[in-house]
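*Asks:* Pasting the sequence and the predicted coordinates here, then a few questions.
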Amino acid sequence: MGAIEKQRHILDFTLATLGRRKGKNIALIVVYTFVICLMASVVFFADALKQEAAQILQGAPEMTVQRLVAGRQDLIPTHYIDSIRTIRGVQSVEPRLWGYYYDAFSGANYTLMVNADLNNHPGSIIIGAGVARRSEPGKPPQTLRKNDLVPFKTYSDTVVTLQVKGILPSESELVTADLILVSEADFKTIFPIPAGLATDLVLKIRNAKELATIAAKITRIHPDSRPVLREDILRTYAAVFDWRGGVILLILSGGFFAFIILAWDKATGLSAEEKREIGILKAIGWETSDILLMKFWEGTAVSLTAFFLGLFLAYLHTFLASPLLFEPVLKGWSVLYPHFRLTPRINIYQIAVLFFLTVLPYTVATIVPSWRSATIDPDSVMRM
Amino acid sequence: MIFHSGILALLLGSGLTGGMLGYSAYQGIRIIRQWDISSGSERQLELERRTYLVSTVMSYALVFQLLSLFLFIYTADTLSSLFIGAMCAAGSLQVNGFGYPSLLLKIVSCLLAGLWLIVNAADNKAYDYPLLRTKYWLLLFIAPVLFIETTVQAMYLLGLRPDIITSCCSILFSTDANTLMSDLLVLPPWPSQIVFFSSALLTMALGLFVYLKTRGAVLYATVSLLHCAISITALISFIGIYIYELPTHHCPFCILHQEYGYIGYFLYAALLVGAITGIGTGVINPFRTIPSLHDAVPRMQKKLARISLIATLAFVLMTGWSILFSNLTLKAY
Amino acid sequence: MIRLQNIRKIFNAGQPNEFVALEGVNLSIGSQEATALKGPSGSGKTTLLSLLGCMARPTAGRITVKGREITSLPERFLTEIRRETFGIIFQQFNLIKGITALENVMIPAYPKGEKHASLKRRAMDLLDLLNIAGKASAKVEWLSGGEAQRTAIARALINNPSIIIADEPTAHLDTTLSREFMEIMRQLKKEGKTLLIASHDPIAYESDVIDRIIEMRDGTIVPPADGS
């Protein structure tokens, strides 16, 4: 019977027909592609951020123990380390000293953190890339370089000047943009923290399965402590990026809906020429299901073109150009924006989701108009 | 609710499919009430045109349902990282009471849609639409199933909140838990393999018989359905462990992962196709007696039997290949 | 070959613009006969032609084609019969613009799934038969009136039908081309085809190719003067 030949013939004819009606179809494909590009950008970007965060947080401690006083974080006594170290499964416990330093010059909050390596080099700091770009609001960035001197205002109202020893690599910007590493001595000059206290404790756990049990034990020994798991942080980041991405998609859906109406209108409004052509086909021996097949191929050709073009453009937009449109919403509001290049990552799941969000509604919108055109009477062309 | 793009996609997808089914059912009611094949009135001609619309809509509905079935599992899998204790889809589906029912309803609606399309194809082969009323009544029965599926899926997806402690597949599908699943797993692999392969053999033999003699279709349909259930049990009981090369990993969802070559998709596709076509041969069997379908039905049964045979064989071959080339060898059984 | 019994065709039934196109039509077309349908516009000629050519269903009455009743056949079966049995030539040729003459000829056979190569060959043979093989790859907009006419005829013949239907084929042709057309019809009749030509052009219905003239007026057949 040649069912495949039949498909081939009808497909050939359909593609030729699309070629003959370039004008109308091009307009539709352009809008379709644009819509898909927008949605794909959101999905790619949100996903890439999640992956990026996950990868960088690999280096974060599995568990951090903080101390809460009246529901707010307070300094934690370092003698807690002794009791915690005895819990089975805990490999090591280290105190961490860090805080937020408000820089009046740029209006930004930096994270000041003690790094044990710098204890032999008092007076030196290592800064993150966002810090290096610090500037007065409204003025071009100063760009701190190695050996530059940076003044810090201490809580005793004096100024201590520290020298930039190095700048953290830009690959880690997402997490280190606003970081300044100092020696313990300098830290305590700027923030007068009494001895025997730390900001939080960092734990290394032997077996990942025991995290929950160990956390529970710590809370039992020290009821004022709060263990924070890296997994919790990851999950929260993922949820935030997902949520923000989802909100943007919902906002875009208004525009997408307008596109669907356009598509439906275009499908319904057959020109007299098109109607005549279908009438001829039916008169000379094409059946309703043959015309439906033709319309199916037409929709498929349009959808696939727009889909892959849209995905391609979204890929370029997200991973090569900076995602201009969605960056602020997805990354969050802040004075310091980390500059970083996302690693291009797309997977089949994203493509499937985008397919559902775009091609499906388009196809559904065109079903009834396609059918209407396919059921034109065979004798209509004789009556014209 | 979690604003994941996959969830939005699924909700949109099933909303659209539900809408399409509802529209079809509404058209079906009109057609049933006013149909008169012998009339040449314009209303009759209009109704005949409408049947094309319903056929088209139902075809798309089936495709969307199949795609959304796999998207559903994939989404559950992706979301598993948001729930403590869940490492794959098995855990996510446990988060609230609507997860597994949703999956089941999706599979059932795929089956029903497929069977409807087979009945529709049979009807179209006759010159007097003998099955018209039958198939639209069937549609009125299928549509509510789909509505329920849309609702249950929505309740599952909208009721998801991250950080709920749930079980991971290794607990759900382990021999310690007190579930039907664990009872299945306590079955030692050797007898399970015997049951599965003999069932496969029987199914294929019957399929061949139907293909050659176009008789015994109803028996074949029943056996197909049973074999489908046995195959799923076999997947959990012993096929999975060879693919994972781990005697304790029985999860039926992890075989869809990339690291196993996405073999799960092929296995489930073969299973679904085999089930729909196998059951289909039996579903259209009562229509052999209708004069206008006298030749068409046996021909369709042959075609369906052939497809079902190939699908069943494919499943068996993939299973055998996984077992033979797995690095796992089970002794002591 | 074709039999019509008590055919009635009403458009827009039950509405204010209800229109009875055909009423009480009884007709028999014999095999290998050439029949002309004659009558003014509005006489129901076109409607009758569309019913004869399986392009529409009657509101009442029965139609049999080659012994098989087709009155209530669903569209897909009707189309199959139409495709196999009838070749249709339209008033304005109705060729599809923007594609070549050859492709136009092949289109009616696409749904049958014939292999592309053999279909193309048959189409070329037909064009050759009608002496326009040279214009096979020309777009139809560039064809002259006579060439378009022949392309339309070739298209009607691609599925090897036994009945040719022509609706006002000479309406847009000059005298020379009209006579040419009737000559081609004579040739087809000699090959054993049945012809049905609707026309108000004397060159067509008074040609000696025609065996029988059926006159229509106001939706019914005017009984012939000699009472047969």
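*Replies:* Nice, thanks for sending it over.
*Asks:* of all the residues in chain A, which ones are close to chain C?
*Replies:* With Cβ under 8 Å from any Cβ of the partner chain as the criterion, chain A meets chain C at residues A:1-6, A:8-10, A:13, A:16, A:20, A:276-277, A:280-290, A:377-379, A:381-383. Glycine gets a C-beta too; all of them are placed from N, C-alpha and C.
*Asks:* give me the low-pLDDT residue ranges for chain A?
*Replies:* A:1, A:135-136, A:141, A:171-174, A:322-342, A:384 (pLDDT under 70).
*Asks:* Now it against chain C: closest residue?
*Replies:* A:Gly2 (3.1 Å; Cβ to the nearest Cβ).
*Asks:* can I assume that residue is in contact with C:Gly113?
*Replies:* Yes: using Cβ atoms under 8 Å, A:Gly2 is in contact with C:Gly113, at 3.1 Å.
*Asks:* Who has more neighbours out of these two?
*Replies:* A direct count of neighbours by other Cβ atoms under 10 Å in any protein chain shown for A:Gly2 and C:Gly113 places C:Gly113 higher, at 18 against 13.
*Asks:* distance between stretch C:38-58 and the chain's centre?
*Replies:* Relative to its chain's centre, stretch C:38-58 lies at 10 Å (Cα atoms, centre = their mean, to the nearest Å).
*Asks:* and that stretch, is it in reach of chain A?
*Replies:* Yes: Stretch C:38-58 comes into contact with chain A (Cβ under 8 Å from any Cβ), by way of C:46-47, C:49-50, C:55-56.
*Asks:* ok, of those, which one's closest to chain B?
*Replies:* Closest to chain B, out of all of these and judged by Cβ to the nearest Cβ, is C:Ala56, at 8.9 Å.
*Asks:* Who are the contact partners of the closest one?
*Replies:* A:377-379, C:9, C:47, C:50 (Cβ atoms under 8 Å, 6 or more residues apart in numbering or on different chains).
*Asks:* so what's the residue of chain C found nearest chain A scoring on pLDDT?
*Replies:* Closest residue of chain C to chain A, Cβ to the nearest Cβ: C:Gly113 (3.1 Å). For C:Gly113, the pLDDT comes out at 83.
*Asks:* quick one: it from C:Asn159, how far?
*Replies:* Noted for C:Gly113: a distance of 13 Å to C:Asn159, by Cβ to Cβ, to the nearest Å.
*Asks:* Same check on B:Ala90?
*Replies:* 58 Å.
*Asks:* between those two, who's got more neighbours?
*Replies:* Neighbours per residue, other Cβ under 10 Å: of B:Ala90 and C:Asn159, the larger number sits with B:Ala90, 28 against 19.
*Asks:* hang on, that one in a helix?
*Replies:* Yes: per DSSP: H, G, I helix; E, B strand; the rest coil, B:Ala90 lies within a helix segment.
*Asks:* Verify the stated contact: it with B:Phe253.
*Replies:* Yes: with contact defined as Cβ under 8 Å, B:Ala90 reaches B:Phe253; the gap is 5.3 Å.
*Asks:* quick one: which of the residues of stretch C:38-58 next to chain A sit in helices?
*Replies:* C:46-47, C:49-50 (DSSP state H).
*Asks:* Can you say which two of those residues are spatially most distant?
*Replies:* Farthest pair in those (Cβ to Cβ) is C:Thr47 and C:Leu49. Separation: 7.2 Å.
*Asks:* Give me the longest helix you can find in the chain.
*Replies:* I went with chain A, as the question did not name one. Chain A, longest helix under DSSP H: helix A:230-268.
*Asks:* The intended chain is chain B.
*Replies:* helix B:42-79.
*Asks:* Spell out whether that helix and chain C are in contact.
*Replies:* Yes: on the criterion Cβ under 8 Å from any Cβ, helix B:42-79 is in touch with chain C at B:42, B:45, B:48.
*Asks:* Counting neighbours, what do you get for the last one?
*Replies:* Using other Cβ under 10 Å as the criterion, B:Glu48 is surrounded by 20 other residues.
*Asks:* I'd guessed it sits against C:Phe77; true?
*Replies:* No: with contacts counted by Cβ under 8 Å, B:Glu48 stays clear of C:Phe77, the gap being 11.5 Å.
*Asks:* Test of understanding: give the bridge partners of residue 197.
*Replies:* In the absence of a named chain, chain A is used. For A:Leu197, the beta-bridge partners are A:Pro77 (DSSP bridges).
*Asks:* The intended chain is chain C.
*Replies:* Bridge pairing for C:Ile197 - DSSP bridges - gives C:Ala36, C:Ala166.
*Asks:* Give me the neighbour count for it.
*Replies:* Neighbours of C:Ile197 using other Cβ under 10 Å come to 28.
*Asks:* now swap in C:Pro58 and tell me
*Replies:* There are 22 residues near C:Pro58, going by other Cβ under 10 Å.
*Asks:* Distance to A:Ala132 added to the contacts of C:Ala56, as TSV?
*Replies:* TSV is the format used below for those (distance: Cβ to Cβ, whole Å):
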residue	distance to A:Ala132
A:Asp377	74
A:Pro378	75
A:Asp379	79
C:Lys9	87
C:Thr47	86
C:Ser50	82
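*Asks:* OK, contacts around C:Asn12?
*Replies:* B:42, C:18-19.
*Asks:* which residue packs closest to the residue in chain A that chain B sits nearest to, ignoring adjacent ones?
*Replies:* Taking Cβ to the nearest Cβ, chain B has its nearest neighbour within chain A at A:Gly246, 2.7 Å off. The shortest distance from A:Gly246 to any non-neighbouring residue, by Cβ to Cβ, 6 or more residues apart in numbering or on different chains, is to B:Phe3 (2.7 Å).
*Asks:* do the same with C:Ala171
*Replies:* Going by Cβ to Cβ, 6+ apart, C:Ala171 has C:Gln91 as its nearest residue, at 5.4 Å.
*Asks:* Leaving out chain neighbours, which residue sits closest to the residue sitting nearest the centre point of chain B?
*Replies:* With distances taken as Cα atoms, centre = their mean, B:Ile107 lies nearest the centre of chain B, 4.1 Å away. Distance criterion Cβ to Cβ, 6+ apart; nearest residue to B:Ile107, sequence neighbours excluded, is B:Leu69 at 6.6 Å.
*Asks:* And the one you found, how far from B:Val145?
*Replies:* From B:Leu69 to B:Val145 the distance is 14 Å (Cβ to Cβ).
*Asks:* coming back round to it: just the buried members of the residues of stretch C:38-58 next to chain A?
*Replies:* Buried by 16 or more other Cβ atoms under 10 Å in any protein chain shown: C:46-47, C:49-50, C:55-56, out of the residues of stretch C:38-58 next to chain A.
*Asks:* Let's have those residues in JSON lines, adding pLDDT and distance to B:Gly264.
*Replies:* Formatted as JSON lines, these follow (pLDDT from 0 to 100; distance: Cβ to Cβ, whole Å):
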{"residue": "C:Thr46", "pLDDT": "85", "distance to B:Gly264": "60"}
{"residue": "C:Thr47", "pLDDT": "87", "distance to B:Gly264": "60"}
{"residue": "C:Leu49", "pLDDT": "87", "distance to B:Gly264": "59"}
{"residue": "C:Ser50", "pLDDT": "87", "distance to B:Gly264": "55"}
{"residue": "C:Met55", "pLDDT": "87", "distance to B:Gly264": "51"}
{"residue": "C:Ala56", "pLDDT": "86", "distance to B:Gly264": "53"}
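*Asks:* Now stretch B:17-24: buried residues?
*Replies:* B:17-21, B:23-24.
*Asks:* What residues does B:Gly99 make contact with?
*Replies:* Contacts of B:Gly99 (Cβ under 8 Å, 6+ apart): B:76, B:92-93, B:156.
*Asks:* of the residues you listed, buried ones?
*Replies:* B:76, B:92-93, B:156.
*Asks:* What's the end-to-end length of stretch A:158-176?
*Replies:* 27 Å (Cα to Cα, to the nearest Å).
*Asks:* any idea how far the most centrally placed residue in chain A is from A:Glu231?
*Replies:* Nearest to the mean C-alpha position of chain A, by Cα atoms, centre = their mean, lies A:Ala46 at 2.1 Å. A:Ala46 sits at a distance of 20 Å from A:Glu231 (criterion: Cβ to Cβ).
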